[in-house]
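Asker: 3D model of this:
(one chain, ligands or ions: 3)
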Amino acid sequence: MRVDVQLADGLAEGDVDRWVPAASLLHSNGDAMDIAVKDGRIAGVRGRAVDRVNRGRLGPKDLFGWQANNSPDRLTRPLVREGGRLVETDWDTAMGRIVEKSQELLAGPGGWGRFGFYTTGQFFLEEFYALAVIGKAGIGTPHMDGNTRLCTATAAASLKATFGTDGQPGSYTDVDHCDAIALWGHNVAATQTVLWSRMLDRRHGTDPPAMLAVDPRRTPVAREADVHLAVRPGTNVALLNGLLREIIRNGWYDESYVAAHTIGFEALAETVGGYTPERVAEICDVTATDVRRAAELLGCARRLLSTVLQGFYQSNQATAAACQVNNLHLLRAMIGRPGAGVLQMNGQPTAENNRECGADGDLPGFRNWANPEHVEQLARLWNVDQRIIPAWSPPTHAMQIFRYAEQGSIRFLWVSATNPTVTLPDLARIRRILNQEGLFLVVQDLFLTETARYADVVLPAATWGEKTGAFTNADRTVHLSEKAVDPPGEARPDLDILLDYARRMNFRDRDGQPLLPWHTPEEVFDAWRECTRGRPCDYSGLSHAKLRDGGVQWPCTDDAPGGTERLYTDGVFHTDPDYCETYGQDLLTGAEFTGDEYRAKRPAGRAFLHAAAYQPSPEVPGPEYPLQLVTGRSLYHFHTRTKTARAPELHAAAPDVWVELHPSDAAVAGIGEGDRVRVESARGAVTAPARLSGVRPGVVFLPFHYGWWDRGDEPDGRAANELTLTAWDPVSKQPLFKSAAVRVARTEN
Ligand SMILES: Nc1nc2c(c(=O)[nH]1)N[C@H]1C(S)=C(S)[C@@H](COP(=O)(O)OP(=O)(O)OC[C@H]3O[C@@H](n4cnc5c(=O)[nH]c(N)nc54)[C@H](O)[C@@H]3O)O[C@H]1N2
Ligand SMILES: Nc1nc2c(c(=O)[nH]1)N[C@H]1C(S)=C(S)[C@@H](COP(=O)(O)OP(=O)(O)OC[C@H]3O[C@@H](n4cnc5c(=O)[nH]c(N)nc54)[C@H](O)[C@@H]3O)O[C@H]1N2
Ligand SMILES: [Mo]
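Answerer: Ligands and ions are numbered 1, 2, ... in the order given. Below you'll find the predicted structure:
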């Protein structure tokens, strides 16, 4: 326990008027905190000591990031495009334009097919649910996805594939109980600092757990680890296959658990059979000795905790790789008991809720779009004709939504709480798409972002601290985050905006009653409880009132009123055909299996051991572009810096972009520390000062935080996604932000 406090200059704790409970909205750890209010403004934060997640600790982004709420350049009035320029207007005019366009398109040829919604992992639960109902039962379009596609689509896909439904098996308390921690492509030291400090407490306490890091960079995690495998980017599946082979050959797996609780062992053993440590060493460019050491660390642990994140999810063969980590835990029966757990991590603070509520295209409550009974359940709940709910094909993923906009079939795109002009791959293409004449673009944000500058209508939103709602972190802990202050000017909570749209669109149920009859977050939450009853993410035992007593892990029901610490404690998984969220996909191609094919496997509550052979990345270095680009995060900034660069301390800590190179690659190109470097791919270029650092040879690292909103209207050659490619994992459809071929050269400007 350690209560971290940060207050506005000169303010003492005793001067604070009120403390209002909230949780962090700048990563997925779900750190509980109280917002300090002074004279009607946010004036600081304090960690909440009693909370199960963080025990009062806060990371640097949370300590300082609240200052963005008070920034003088917040959007305070709606904007509409007049004669090519964005001008201020009132809500009636702005919403009127959106509704007029919607009605025109809905009545015209193409109907629902003209609509696309590209949303976020930063709304509150109630907002996602409202949006999902609008999309699925109001308009009836499958073209709705979140930036969660870029973030945790692979977490969801791998959990569904292995265990039958989404839902995190483990708990953060596993950190306290484990005797080994494996971090798979997860730089937790920079991205979930409180979770990292919990790991460090163990490492520097009595009886420290062993630690394995798999990351091409020498991150703080890699430096702390007992074994660091600095694999060549894009080779995770080869590595895991080799590790699983060692575990099977050395008899380090639990035969009786595997026999009773899994299917697919023979095929897995056969697939991994060819991945000798020597072959893995060659593919991944690590030593065979280190592969054996890592296998022994994993194979001899008695309570193993794994965390998986973007080094897997945004890399080659994402879902296949993440599934191999699940396989490791199943083979070793490392699941469902204290210290033995998998955390297929989330990234964004509320990504989990988007996946649960279905504003990412999934059906709410982890229901299976291919199961007519699940669709019927929703039709009954919403009192609508089942045929309006889009369930005739898989939902349209984000990259496909932008493709449809590019082709002109999507003509209305509503972008909320995300900044795709900086965060989607291949930005030159994204700019072309958003610039098209025929595309009506709505942007709902706090600031005039790079994306908002392309909009036809900009809606000013209220955010964290200015609105109330629930959200769920990466270990299924639900917190309530309450309104502390009024939003600036005419800015409105996202929920109010969505409910206003639904009212103006006059969406009705089968009896002519309003489809979204709600007015408050609490009413939406109560409707959501009913939607989840009996599903894995069961919120039926939760309420806003109960959450005021502190965070609770779902499922929370009448039978488990205190919530549920771990899933699958009994070795029974969510794979029953009537219950599961997916009938499965081929890991190499993404081809969907049918219900009949799935039933024929007779899963009967057993988990799937999915096997996959290694395949190289779609783009690998060659003579023209000899290096591999990896993009990712730094400690002080959140994504496109809309919040963190408006906090002076965070801005000062990382004011500008840089590029990391291995000293040997730098030497070949005649680049010294601090020299300006032009990094070029087949799609674009970025210029940045060099840092010679601990990336592995052959790899270049760029943070992706640096768009151009703070520099002017035009791209200024700092955004990492100028370089990245349009390619995605066949199963999760998550884009590959961690593998592009590039070249580097010293430059004078
Ligand atoms: N400070 C900060 N914290 C954040 C965020 C932020 O923007 N800033 N964002 C939040 C969000 S939304 C997310 S999704 C998380 C992301 O959290 P992380 O996944 O921890 O962050 P990344 O830097 O994207 O990637 C992690 C690591 O993957 C490694 N990597 C790249 N390619 C490969 C590969 O092929 N194999 C392996 N094994 N590793 C590879 C990179 O070197 C990098 O160190 O962070 C959350 N927390
Ligand atoms: N090259 C590269 N690209 C990446 C990644 C990478 O590692 N490398 N990572 C990917 C990942 S994991 C992620 S999560 C994405 C993140 O990508 P984005 O979501 O596009 O990035 P953010 O800057 O978080 O954008 C969120 C926007 O929502 C606004 N906002 C914040 N709170 C609220 C609110 O309450 N209401 C409303 N209406 N708006 C709000 C913010 O001002 C901001 O403009 O980037 C992805 N892109
Ligand atoms: Mo993310």
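Asker: count of residues packed around the closest residue to ligand 3 within the stretch 501-650 of the chain?
Answerer: Closest residue of the stretch 501-650 of the chain to ligand 3, C-beta to the ion: residue 639 (7.6 Å). Yep, even glycine has a C-beta here, placed from its N, CA and C like the rest. Residue 639 has 21 neighbours, counted by other C-beta atoms under 10 Å.
Asker: ok, now residue 650?
Answerer: Neighbourhood size, residue 650 [other C-beta under 10 Å]: 24.
Asker: same question for the strand or helix carrying residue 500, mean pLDDT?
Answerer: Assigning secondary structure by DSSP states H and E places residue 500 in helix 494-505. Helix 494-505 comes out with an average pLDDT of 98.
Asker: swap in stretch 620-631?
Answerer: 97.
Asker: buried residues, that stretch. List them.
Answerer: 621, 625, 627-631 (16 or more other C-beta atoms under 10 Å).
Asker: near ligand 1, from these?
Answerer: Among the buried residues of stretch 620-631, the ones lying near ligand 1 by C-beta under 6 Å from any ligand atom are residue 630.
Asker: so residue 679, which of the three states?
Answerer: strand (DSSP: H, G, I helix; E, B strand; the rest coil).
Asker: show the contacting residues for it.
Answerer: Residues in contact with residue 679 (C-beta atoms under 8 Å, 6 or more residues apart in numbering) are 629, 659, 685-688, 700, 702, 723, 742-744.
Asker: let's see the pLDDT reported for residue 749.
Answerer: Value listed for residue 749 in the pLDDT field: 68.
Asker: swap in residue 693?
Answerer: Confidence at residue 693, expressed as pLDDT, is 89.
Asker: then the one 4 residues further on?
Answerer: According to the per-residue confidence, residue 697 scores 97 in pLDDT.
Asker: now it. Nearest residue, chain neighbours left out?
Answerer: residue 662 (4.5 Å; C-beta to C-beta, 6 or more residues apart in numbering).
Asker: and for residue 663?
Answerer: Here the residue nearest residue 663, using C-beta to C-beta, 6+ apart, is residue 692, at 4.7 Å.
Asker: I'd say that neighbour and residue 665 touch.
Answerer: No: assessed by C-beta atoms under 8 Å, residue 692 is found out of contact with residue 665, at 9.0 Å.
Asker: okay, now the unreliable bits of this protein?
Answerer: 749 (pLDDT under 70).
Asker: enumerate the residues of it near ligand 2.
Answerer: 120-122, 147, 150-151, 310, 314, 347-348, 416-420, 423, 444-447, 449, 461, 463, 494, 631-632, 639-640, 642, 704, 720-721, 724, 737.
Asker: which of the residues you listed fall in strands?
Answerer: Residues of the residues of the chain next to ligand 2 located in strands (DSSP state E): 416, 444-445, 631-632.
Asker: pick out the residue of the stretch 401-550 of the chain closest to ligand 3.
Answerer: For the stretch 401-550 of the chain, C-beta to the ion, closest residue to ligand 3: residue 423, 9.0 Å.
Asker: that residue contacts residue 721, correct?
Answerer: Yes: Residue 423 is in contact with residue 721 according to C-beta under 8 Å; the separation is 6.6 Å.
Asker: could you tell me which residues touch both of these two?
Answerer: residue 704.
Asker: can you list the buried residues in the longest helix along the chain?
Answerer: Determined from DSSP state H, the single longest helix within the chain is helix 91-107. Buried residues in helix 91-107, counted by 16+ other C-beta under 10 Å: 91, 94-95, 97-99, 101-102, 105-106.
Asker: show me what that helix is packed up against.
Answerer: strand 79-82, strand 115-119, strand 412-416, strand 457-460, helix 494-505 (3 or more C-beta pairs under 8 Å, 6 or more residues apart in numbering; DSSP states H and E).
Asker: compute the inter-axis angle for the last one and strand 115-119.
Answerer: If I follow you right, that is helix 494-505. Orientation check (axes from the mean of the first three to the mean of the last three C-alpha atoms, to 10 degrees): helix 494-505 against strand 115-119 gives 170 degrees.
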